[in-house]
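S.K.: No letters, just coordinates:
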Ligand code: HEM
Ligand SMILES: [Cu+2]
């Protein structure tokens, strides 16, 4: 179906605005996570329960950090105007998101929600889980759009930038989470 | 370079579709309702069956709500209009005619009009709840023929929550703001048009759920939702929590658009100092939502988690019920500025055009708006002085009282604008002046609330009820109606009936004050809030309040009729009926689907409130540089 002229005229934001305004959304999301991080000390005390699986925590965190490699790779490709080239990175990140979800669900098995630390741990990771689901949808959308309608993906490159920005933010938030829930 | 005349010509061709209304256009609305309700009942029943429980229990109701919400959104056109395309599928046509009012879409103008409709409907039903409260309070006894005390509690809870989150939070930001922000900034649409479109579609199911909460047991907590009462007094609290979280989300999506559009998309030549004051007010409100909503949002989710997932954040031996208060008021004190700052900013937008004088001390007014929004983050504790340690009392008392300073800037700016001007008073201006009077009472009595020794007496009495009705009903709703009158020609091309506008303004002013001023007295005399049964010596004053309230409530049919009648039959308005220099008035009225044609854009060349004789136009239309 032809793209209609009205639609683009009535969505006038340039790439700079689309990427800049996305900051406000990430700011809001980050503060939500900051709330969970703060709440950990009120409900979880300062100790870490012995049932917390440190190995899984470290593994997931390392995985998140490694996932920055495809993020930066894709970003560079976007800067060079290679919109097709990012699709494999998006695929890799999608796999990472799936693994993260599995890891989170696995951690829940040893931390009952009714306990102090378990409650705040479970609700925080549950919130992460929702964000990973959103990330999976975003990666899927980018991949499908990029392969089905590459012209559109090129014209709306800001979407890909924001998806990568979103994931980059998730990495930061996860690392902070790890520091606060596992180490502190 | 192009001139304004060239613009006038080109503006005639930006209408978009000229189709007239057909019943089939309601299809998305119908489908959304069908999918929403089916989704709700199917999911709730399945969950209940799996758990061996019943659908009115918290968990099935939660699952039902979420599935129902998704069904409603998909039915509204979110799938064709956004998601399918985002996954590389076919693109829906751009709906440019009347049909865009009845489906999900990216047009901020129709979104804003839908906001008005939603707010009016929510105001009507929440207003009926208020009337029900006043019937109960006609006599000191339990008035058993009318409703039980349990139903009374549900009624004021629904009234409070809906008036705050489904009315006050979006009347000016939504209905007025989303319409005007792009026009005032000189762009065709906001930065994320679809996100803004989505924000409206979140409202109806959320409000509907709250109004329906008595069907699953209601909630007894009032609009606060304080645990542990929340967890112990009916599953309806689930709809309270989910509804409030959904409404907050809608506010945040709007806030992101306002902030993003203002920061990144101003017209050429529009420095921050030249951004219209109303947009500044909205921006200040938006920062509050983005930065402070998370605390309350997480509090709501934790409240819910205690209900459905078996956590103990606020209940049981390891729970911290007082933490909820901190989380709740961290946003909900500043939230009052989300209501009020846009209203203040409307005063400062209307008064210069009505008095034909530049806005006095413009930069101080901007500092006032932003200052209030920043101080607001530090005040929440003044809502529960009775529950905190003495050490926190003087700190939050002091912070609260400093808010008077930036608020003073705003008042001084308004008064300075009026001073020596020749004010043309129409219904909108009259309402603005009344709002300023009412807010003065509301704001000054706030200082008594903030004063700890006084507040320990006044807390939870009708004094507080009077205080916040003066600020919200007396200032925000007066201003809302003023704004609807003032920008009515912009949206419909017609004027409202001035006589009935002014008649209602006086009616509203008189019965508003008759209803709420006595509440200060009743409060001092010992009338507690949130009770169905009171001591007989308070009967007389309550009778007076109730009767005034009925007249006040009935009076709202006047502006409703005025707006509806004027929309169809009102006197035709010229494009700029108030002779305003605002950019939004330099565009054809009613605003065409495409506010200004392809290839042109406004450039700001001067202040938008210079009304001196012979001063030059603040804007010129230039052609967009070819990309
Ligand atoms: C901007 C306009 C204002 C609005 C919309 C507003 C709104 C409200 C609302 C809704 C409540 C009651 C909440 C509840 O208990 O259900 C309230 C209470 C209170 N307000 Fe305001 N207010 C405003 C201005 C002020 C000002 C200027 C002050 C102080 C200088 C103030 C101080 C207080 C205090 C201390 C309370 C708590 C009273 C108590 O519960 O004991 N307010 N306000
Ligand atoms: Cu407050």
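M.R.: Done, it's in. Quick caveat: nothing in here was measured; it's all calculated off a predicted structure. Numbers count the residues shown, from 1 in each chain, chains lettered A, B, ... in the order given. Ligands and ions are numbered 1, 2, ... in the order given.
S.K.: Which pLDDT value goes with the residue nearest to residue B:186 when sequence neighbours are not counted?
M.R.: Spatially, and ignoring its direct neighbours in sequence, residue B:186 is nearest to residue B:267 (2.8 Å; C-beta to C-beta, 6 or more residues apart in numbering or on different chains). All C-beta spots, glycine's among them, are computed from the backbone N, C-alpha and C. Model confidence at residue B:267, given as pLDDT, is 94.
S.K.: likewise residue A:114?
M.R.: pLDDT at residue A:114 comes out at 87.
S.K.: neighbours of it, just the number please.
M.R.: Neighbourhood size, residue A:114 [other C-beta atoms under 10 Å in any protein chain shown]: 13.
S.K.: Now the closest residue to it other than its chain neighbours: phi and psi?
M.R.: Nearest residue to residue A:114 in three dimensions, chain neighbours excluded: residue B:310, at 5.3 Å (C-beta to C-beta, 6+ apart). With angles defined as degrees, to the nearest 10, residue B:310 sits at phi 80, psi 20.
S.K.: before we move on, what about residue B:189?
M.R.: In terms of degrees, to the nearest 10, the main-chain angles of residue B:189 are phi -160, psi 170.
S.K.: didn't it look like it was pressed against residue A:8?
M.R.: No: with contact defined as C-beta atoms under 8 Å, residue B:189 does not reach residue A:8; the gap is 10.7 Å.
S.K.: the more surrounded of the two?
M.R.: Higher neighbour count among residue B:189 and residue A:8: residue B:189, with 23 against 13, using other C-beta under 10 Å.
S.K.: which residues touch that one?
M.R.: A:10-13, B:106-108, B:182 (C-beta atoms under 8 Å, 6 or more residues apart in numbering or on different chains).
S.K.: what's across from the nearest residue to residue B:569 once chain neighbours are set aside in the sheet?
M.R.: Nearest non-adjacent residue to residue B:569, counting by C-beta to C-beta, 6+ apart: residue B:494, 7.8 Å away. In this entry, residue B:494 is beta-bridged to residue B:572, by DSSP bridges.
S.K.: how about the closest residue to residue B:600 other than its chain neighbours, secondary structure?
M.R.: The spatial neighbour of residue B:600 that comes closest, neighbours along the chain excluded (C-beta to C-beta, 6+ apart), is residue B:621 at 5.1 Å. Here residue B:621 is strand, with the state taken from DSSP: H, G, I helix; E, B strand; the rest coil.
S.K.: Name the helix or strand for the residue in the stretch 251-400 of chain B that chain A sits nearest to, please.
M.R.: For the stretch 251-400 of chain B and chain A, the shortest gap (C-beta to the nearest C-beta) falls at residue B:260, measuring 2.5 Å. Per DSSP states H and E: residue B:260 is located in helix B:237-264.
S.K.: Just the mean pLDDT for the helix or strand just after that helix, thanks.
M.R.: Sequence order places helix B:277-308 as the next helix or strand after helix B:237-264, per DSSP H and E. Looking at helix B:277-308 alone, the average pLDDT works out to 96.
S.K.: Residue A:140: helix or strand, and which one exactly?
M.R.: Here residue A:140 is assigned to helix A:116-148, by DSSP H and E.
S.K.: could you give the angle of that helix to helix B:277-308?
M.R.: Per axes from the mean of the first three to the mean of the last three C-alpha atoms, to 10 degrees, the angle that helix A:116-148 makes with helix B:277-308 is 120 degrees.
S.K.: Which strands or helices does helix A:116-148 pack on?
M.R.: helix A:15-44, helix A:87-108, helix A:150-155, helix A:157-178, helix B:277-308 (3 or more C-beta pairs under 8 Å, 6 or more residues apart in numbering or on different chains; DSSP states H and E).
S.K.: Return the distance of the nearest residue to residue B:606 once chain neighbours are set aside relative to ligand 1.
M.R.: Nearest residue to residue B:606, sequence neighbours excluded (C-beta to C-beta, 6+ apart): residue B:618, at 4.4 Å. The gap separating residue B:618 from ligand 1 is 31 Å, by C-beta to the nearest ligand atom, to the nearest Å.
S.K.: Now for the residue in chain A that chain B sits nearest to, how many residues are close by?
M.R.: Across chain A, no residue is closer to chain B than residue A:21, which sits at 2.5 Å (C-beta to the nearest C-beta). When neighbours are counted by other C-beta under 10 Å, residue A:21 registers 26.
S.K.: Please apply the same query to residue B:272.
M.R.: Using other C-beta under 10 Å, the number of residues around residue B:272 comes to 11.
S.K.: List the residues that contact it.
M.R.: Residues near residue B:272 by C-beta under 8 Å, 6+ apart: none.
S.K.: Nearest to chain A: which residue in the stretch 101-250 of chain B?
M.R.: residue B:191 (4.4 Å).
S.K.: how close does that residue get to residue B:247?
M.R.: As judged by C-beta to C-beta, to the nearest Å, residue B:191 and residue B:247 stand 22 Å apart.
S.K.: Then residue B:544?
M.R.: Distance from residue B:544 to residue B:247, by C-beta to C-beta: 34 Å.
S.K.: Tell me which of these two has more neighbours.
M.R.: More crowded of residue B:544 and residue B:247, by other C-beta under 10 Å: residue B:247, with 23 against 14.
S.K.: residue contacts, that one?
M.R.: B:165-166, B:169, B:202-203, B:206-207.
S.K.: Could you rerun that using 6 Å?
M.R.: The contact partners of residue B:247, taken as C-beta atoms under 6 Å, 6 or more residues apart in numbering or on different chains, are B:165, B:206.
S.K.: Please apply the same query to residue B:401.
M.R.: residue B:450.
S.K.: Please identify the helix or strand for it.
M.R.: Using DSSP H and E, residue B:401 sits in helix B:392-402.
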